[in-house]
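Colleague: Give the three-dimensional model of this entry:
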Amino acid sequence: MSPLCPLLLALALAAVPGVRAACPAPADLKKPDGARICAKLYDKSDPYYENCCGGAELSLEPGADLPFLPSDWANVASSLVVAPRCEITVWSQRGKAGKKHKFSSGVYPRLEEFRKGIFGDWSNTIASLYCRCY
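Modeller: Numbers count the residues shown, from 1 in each chain. All right, here's what the predicted structure looks like:
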């Protein structure tokens, strides 16, 4: 084995982006007054995890039920973070129709990594949602 191999391996591992990226930790989802937030949606994602969860953000309170997302948010979200003990159910069409997926507590910096059927993914396809905490 070449003496260069361990060095190359160390450099390669250092270049691998972190799992959490620039997204906030689920436990950090709170309003300035300390009130709970169920989830946050972001309109920017990137091939590099450290650049995800950017751009405009939409904060959702527990119990948020949006069968019709505001027009500037329909089919726009490409990253999301769900608070602890919460889950968000999303649909691909307005009025809670079409494909459906549940995201539990966690960080989802690239929604294109989550399949929606055979050919699609969840990036820029969320048209309605329901967010609940327990």
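
Colleague: C-alpha coordinates for the strand or helix carrying Leu129, PDB please?
Modeller: According to DSSP states H and E, Leu129 maps onto strand 128-133. C-alpha atoms of strand 128-133 as PDB (Å, rounded to 0.1, in the frame of the first residue of the first chain):
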ATOM      1  CA  SER A 128     -50.500  20.700   0.400                       C
ATOM      2  CA  LEU A 129     -49.500  19.700   3.900                       C
ATOM      3  CA  TYR A 130     -50.500  18.900   7.500                       C
ATOM      4  CA  CYS A 131     -48.100  19.300  10.400                       C
ATOM      5  CA  ARG A 132     -48.700  17.800  13.800                       C
ATOM      6  CA  CYS A 133     -46.800  17.400  17.100                       C
END
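
Colleague: same for that strand, what does it pack against?
Modeller: If contacts are counted by 3 or more Cβ pairs under 8 Å, 6 or more residues apart in numbering; DSSP states H and E, strand 128-133 sits against strand 65-66, strand 79-93. For every residue, glycine as well, the C-beta is placed using N, CA and C.

Colleague: Let me have the ones you listed in JSON lines, extended by mean pLDDT and mean neighbour count.
Modeller: Conversion of the helices and strands packed on strand 128-133 to JSON lines gives the following (pLDDT from 0 to 100; neighbours: other Cβ atoms under 10 Å):
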{"stretch": "strand 65-66", "mean pLDDT": "98", "mean neighbour count": "16"}
{"stretch": "strand 79-93", "mean pLDDT": "97", "mean neighbour count": "21"}
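
Colleague: which intervals of the protein have sub-threshold pLDDT?
Modeller: Scanning the chain for pLDDT under 70 picks out 1-21.

Colleague: residue contacts, the spatially most central residue of the chain?
Modeller: By Cα atoms, centre = their mean, the chain has its centre lying nearest to Leu80, at 2.0 Å. Contacts here follow Cβ atoms under 8 Å, 6 or more residues apart in numbering; on that basis Leu80 touches Ala39, Lys40, Leu41, Tyr42, Ile88, Phe103, Tyr108, Leu111.

Colleague: in the sheet, who's paired with the second one?
Modeller: It stands for Lys40. The partner list for Lys40 in beta bridges (DSSP bridges) reads Ser59, Val81.
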